[in-house]
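Participant: from the sequence below, what's the structure:
(one chain, ligands or ions: 1)
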Amino acid sequence: DWTSSAFVETTIADLKATLGNDKVVLALSGGVDSSVAAVLLHKAIGTNLHCIFVDNGLLRKNEFESVLEQYKDFGLNIKGVDAKDKFLSQLAGVEDPEQKRKIIGRVFIEVFDEESHQIQDVKWLAQGTIYPDIIESVSVKGPSATIKSHHNVGGLPDFMKLKVVEPLKTLFKDEVRRVGTSLGLESFILGRHPFPGPGLGIRIIGEVTAEKVAILQDADKIYIDNLKEAGLYDQVWQAGAIFLPVQSVGVMGDERTYENVIALRAVESLDGMTADWCHLPYPVLAKISNEIINKVKGINRVVYDISSKPPATIEWE
Ligand code: XMP
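Facilitator: Sure, this is the predicted structure:
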């Protein structure tokens, strides 16, 4: 009979016995799995756990700062790394979705490798791998956010030569959530919508530029804030805005405009494998559309995605 509190207790004891006084490095993403793994390890070995949180420039607006702050409040020994420029310069001129994923995965590994070298005598690499990751190992469209699935990118970076510790590898997602709850993580991490590893990089259709990222971050923030304000955020499994590579004609005052289009996506799902589009109330959609068009420079049209998966996917790329 599995209980999360018994799991927490025995896992912490096991981790203490296995890791002793060794140093461990872990990449935090803001997601459930890496966060739960980090808090478990922190309870077992304290500041010998070194967490690294990379800003790839493709996160939601203000997400890096606010998530980093919350991790610090949790007592984690964490270093935030601003690698925005590195990611953006490598993505310049690239339009193909799989190519973008590969670049984002590769640059992440380069940055993480460099950072893990800054920690003296690190012996272990910790990962938030869960049981389904071991069975599937890659997501439907490509590498997931876990480092492991990036194995095939280039040569073996040095941190890959570390011993691996994966405290969640026997758990299913709902069990990870229960463990997270008994660790006190509910308010900060557990209720958040899933967010893809390549982030806004795959929600900007075609080439990613700093300007498009800034526009999309502003539109996405208006969208998500309104869902929260309307009490709909928790009813939706995943939501996000998408920047389309289309310009359309509009009119502002007496002026003709020729600006970009934002698509809104919101789905209901159990596991992301299938999904239905959410029937968001028209007044909420109207408010979001008005606010985005009025406040976000460069956007003159908002559309709502009414496609289910299959045959459409949740992300557009
Ligand atoms: P799709 O678009 O395949 O998405 O219906 C299903 C779920 O997977 C997420 N997703 C990704 N997550 N790396 C990730 O870590 C990726 O490359 C990736 N592509 C899609 C998507 O956000 C949804 O939750």
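
Participant: state the helix or strand in which Leu68 lies.
Facilitator: Per DSSP states H and E, Leu68 falls inside helix 63-73.

Participant: measure Thr47 to Val36 for me?
Facilitator: The gap separating Thr47 from Val36 is 19 Å, by Cβ to Cβ, to the nearest Å. The way it works is simple: take the backbone N, C-alpha and C, and place the C-beta from them, glycine included.

Participant: more crowded one of the two?
Facilitator: With neighbours defined as other Cβ atoms under 10 Å, Thr47 and Val36 compare such that Val36 has more, 28 against 10.

Participant: for the nearest residue to Gly199 once chain neighbours are set aside, helix, strand, or coil?
Facilitator: Nearest residue to Gly199 in three dimensions, chain neighbours excluded: Leu58, at 3.4 Å (Cβ to Cβ, 6 or more residues apart in numbering). What DSSP: H, G, I helix; E, B strand; the rest coil gives for Leu58 is coil.

Participant: how deep is Leu58 tucked in, by neighbour count?
Facilitator: 26.

Participant: need the strands for the stretch 1-150 of the chain, in chain order.
Facilitator: 23-28, 49-55, 78-82, 122-126 (DSSP state E, counting those that start in this stretch).

Participant: parallel or antiparallel, which strands does the first one pair with?
Facilitator: Each strand that pairs with strand 23-28, with its direction, by DSSP bridges: strand 49-55 (parallel), strand 122-126 (parallel).

Participant: check what pLDDT Leu185 gets.
Facilitator: Leu185 is assigned a pLDDT of 89 by the prediction.

Participant: and it, what is it in contact with?
Facilitator: Contacts for Leu185 (Cβ atoms under 8 Å, 6 or more residues apart in numbering) come out as 35-36, 39.

Participant: Ser307 in helix, strand or coil?
Facilitator: Assignment for Ser307 (three-state DSSP): coil.

Participant: how long is stretch 71-79 from one end to the other?
Facilitator: Its first and final residues considered, stretch 71-79 spans 10 Å by Cα to Cα, to the nearest Å.

Participant: to clarify, my last question referred to stretch 310-317.
Facilitator: When the termini of stretch 310-317 are compared using Cα to Cα, they are 14 Å apart.

Participant: from here on, count from 17
Facilitator: Happy to do that; since the first residue is 17 now, the last one works out to stretch 326-333.
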